[in-house]
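Student: got a sequence here, can you model it:
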Amino acid sequence: MALSGELYEAVIRIVDQRVGEIKVTREDFDRLTKTVSELSGIVRELAEAQKRTESAISNLTERVVRLEGAVEKLAEAQKRTEERVNELAEAQKRTEDAVGRLTVAVGSLSDTVGYSLEDVARVMLPP
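Tutor: As a prediction, the model looks like this:
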């Protein structure tokens, strides 16, 4: 079946119209190319930033692990220090008790020596 000239012209007009509606101009293509290029650069920068971030996180993780070890050691040292302070407090109490007993003993000895000296003085000194 052959198309009449009029029908052929109508089909051509419709096809041209549709092609005109969907065709991408050179400017559109250039803008799209530029945008893709810019996005590609941004993605590269983001990938580099991601690598730096991962490296920083890795370093921080290592430091946190070291800090955890140091805190554990400090906690153990603190516990030993507290035990030693308790031992010293007990020793101090025993020392204070002993000093108290010595004070009483020295006081008694002083009284005894004093009385003895008085007795000697009575004998040696004229009345």
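Student: next, count neighbours for L46.
Tutor: By other C-beta atoms under 10 Å, the residues close to L46 number 10. Any C-beta I mention is one placed from the backbone N, CA and C, and that applies to glycine too.
Student: and it, what element?
Tutor: Element membership of L46 [criterion: DSSP states H and E] is helix 26-124.
Student: pLDDT on that helix, on average?
Tutor: Taken as a whole, helix 26-124 has a mean pLDDT of 93.
Student: tell me, how many residues neighbour I42?
Tutor: 10.
Student: with the one 10 residues further on instead?
Tutor: One way to gauge burial is a neighbour count; for R52, by other C-beta under 10 Å, it gives 10.
Student: if I look at G20, how far off is T112?
Tutor: 132 Å (C-beta to C-beta, to the nearest Å).
Student: correction: T35
Tutor: 110 Å.
Student: could you do S37 as well?
Tutor: From S37 across to T112, the span is 109 Å (C-beta to C-beta).
Student: same question, V15
Tutor: 137 Å.
Student: with L46 instead?
Tutor: Taking C-beta to C-beta, one finds L46 at 95 Å from T112.
Student: now do T103
Tutor: To T112, T103 is 15 Å away according to C-beta to C-beta.
Student: ditto for K34
Tutor: K34 sits 113 Å away from T112, going by C-beta to C-beta.
Student: try V65
Tutor: Distance, V65 to T112, by C-beta to C-beta: 70 Å.
Student: could you do R101 as well?
Tutor: Between R101 and T112 the distance is 16 Å, computed by C-beta to C-beta.
Student: please apply the same query to S40.
Tutor: Per C-beta to C-beta, S40 is found 106 Å from T112.
Student: same check on A77?
Tutor: 51 Å.
Student: swap in E118?
Tutor: In terms of C-beta to C-beta, E118 sits 11 Å off from T112.
Student: got it, and V43?
Tutor: Applying C-beta to C-beta to V43 and T112 gives a distance of 101 Å.
Student: fine by me, thanks again.
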